[in-house]
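sequence below, structure please.
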Amino acid sequence: MARRVAIGNNKGGAKKTTLTIRLAEALAKLGYRVLVIDLDPQGNASRRLGWKD
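Reported below is the predicted structural model:
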């Protein structure tokens, strides 16, 4: 069964990207399939996960 986790906050500097990346990493290490969708125009999560332009 699929589960969804959403992390959001309008405040800047609230460590949303760091939390998302670390949570995805921990779940992947436990054997879960993880999909991170980066809707931030700056693309920080994508960059941290190794996606390059």
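
got the CA coordinates for the helix of greatest length in the chain in CSV?
Using DSSP state H, we find that the single longest helix of the chain is helix 16-29. The C-alpha coordinates for helix 16-29 follow below in CSV (Å, rounded to 0.1, in the frame of the first residue of the first chain):
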residue,chain,number,x,y,z
LYS,A,16,12.1,21.8,4.6
THR,A,17,14.5,20.6,1.9
THR,A,18,16.9,19.1,4.4
LEU,A,19,14.1,17.3,6.2
THR,A,20,12.7,16.0,2.9
ILE,A,21,16.1,14.7,1.7
ARG,A,22,17.0,13.1,5.0
LEU,A,23,13.6,11.4,5.3
ALA,A,24,13.8,10.1,1.7
GLU,A,25,17.3,8.8,2.3
ALA,A,26,16.3,7.0,5.6
LEU,A,27,13.2,5.4,4.0
ALA,A,28,15.3,4.3,0.9
LYS,A,29,17.9,2.7,3.2
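
spatially central residue in the chain, please.
residue 20 (3.5 Å; CA atoms, centre = their mean).

helix or strand for the nearest residue to that residue once chain neighbours are set aside, which one?
With sequence-adjacent residues excluded and distances taken as CB to CB, 6 or more residues apart in numbering, residue 20 is closest to residue 7, at 5.2 Å. Yep, even glycine has a C-beta here, placed from its N, CA and C like the rest. For residue 7, there is no enclosing helix or strand under DSSP states H and E.

next, count neighbours for residue 7.
12 (other CB atoms under 10 Å).

residue 32 now?
10.

for it, give its distance to residue 44.
Residue 32 sits at a distance of 22 Å from residue 44 (criterion: CB to CB, to the nearest Å).

that older thread, contacting residues for the residue nearest to the centre of the chain?
With contact taken as CB atoms under 8 Å, 6 or more residues apart in numbering, residue 20 is in contact with 7, 36, 45.

noted, bye for now.
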